[in-house]
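Visitor: My questions are about this predicted structure, shown below with the sequence.
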Amino acid sequence: AHLRMRTQTFGAVFRVRNSLAAATHTFFQNRGFVYWHSPIITASDAEGAGEMFRVTTLPLDGSAPRNEDGSINFKEDFFGKSTNLTVSGQLEGELAAMAFSEIYTFGPTFRAENSNTTRHLAEFWMIEPEMAFYDIEDNQNLAEEFIQFLIGYAMEHNMDDLKFLDERLKDEEKSLPQDKRSEMG
């Protein structure tokens, strides 16, 4: 596995990812946003943002303490209540925005949706800006500026990697029928 990181493909992907993480912080920091570290372990379901992974120190062999109704008694667990890996830092971010006006969270997020697709991620990094008193146009403008900044940053700092990945995609798709090939690089 340690040799995989030395391949051109993995190297290119991780250099681009590194640049995009740096660009995310640069974008928000240059606009006066506060980087808010929302909890990764939480009792909040973030308004039902997705199925959650439970975190527990209770035994998984069926011997966990039970309530009278047969449900697990989490009062004897480490946190004293049912806890999960976060699906979103939104709720904590909204609270922080009321104190700091403009914040962003950027960190791991977990979704336990049952999916048999190659496009589903159980863990991913999510960027969630929260701004007090922004309207829909303010939100749209921020999102557009952010995307433009990220693309420009990647093109400035990772052009060789982007060209390599583009050529790799073209080579991979040569064996596909024309209608299954990507039209864009």
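Guide: Now that the structure is in, tell me what you want to look at. Residues are numbered from 1 along each chain as shown.

Visitor: Give me the most central residue, the protein.
Guide: Trp125 (2.1 Å; CA atoms, centre = their mean).

Visitor: what's the helix or strand for that one?
Guide: Trp125 belongs to strand 123-131 when assigned by DSSP states H and E.

Visitor: what mean pLDDT would you report for whichever helix or strand comes after that strand?
Guide: Past strand 123-131, heading to the C-terminal end, the next element that is a helix or strand (DSSP H and E) is helix 136-157. Looking at helix 136-157 alone, the average pLDDT works out to 98.

Visitor: Using CSV, write out every CA atom in helix 136-157.
Guide: Taking C-alpha atoms only, helix 136-157 is exported to CSV below (Å, rounded to 0.1, in the frame of the first residue of the first chain):
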residue,chain,number,x,y,z
ILE,A,136,-30.0,33.9,-1.1
GLU,A,137,-28.2,36.2,-3.4
ASP,A,138,-25.3,36.6,-0.9
ASN,A,139,-25.1,32.8,-0.6
GLN,A,140,-25.1,32.4,-4.4
ASN,A,141,-22.4,35.0,-4.8
LEU,A,142,-20.2,33.4,-2.2
ALA,A,143,-20.6,29.9,-3.7
GLU,A,144,-19.8,31.3,-7.2
GLU,A,145,-16.7,33.1,-5.9
PHE,A,146,-15.6,30.1,-4.0
ILE,A,147,-15.8,27.7,-7.0
GLN,A,148,-14.0,30.2,-9.2
PHE,A,149,-11.3,30.6,-6.6
LEU,A,150,-10.8,26.9,-6.3
ILE,A,151,-10.6,26.3,-10.0
GLY,A,152,-8.1,29.2,-10.5
TYR,A,153,-6.0,28.0,-7.6
ALA,A,154,-5.8,24.4,-8.9
MET,A,155,-5.0,25.6,-12.4
GLU,A,156,-2.3,27.9,-11.0
HIS,A,157,-0.7,25.3,-8.7
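
Visitor: Numbering from 48 from now on, please.
Guide: I'll keep to 48 as the first residue from here, and by that count the last item is helix 183-204.

Visitor: Need the residues that contact it.
Guide: 63, 66-67, 69-71, 73-74, 176, 178, 181, 209 (CB atoms under 8 Å, 6 or more residues apart in numbering). (C-beta placed from N, C-alpha, C; glycine too.)
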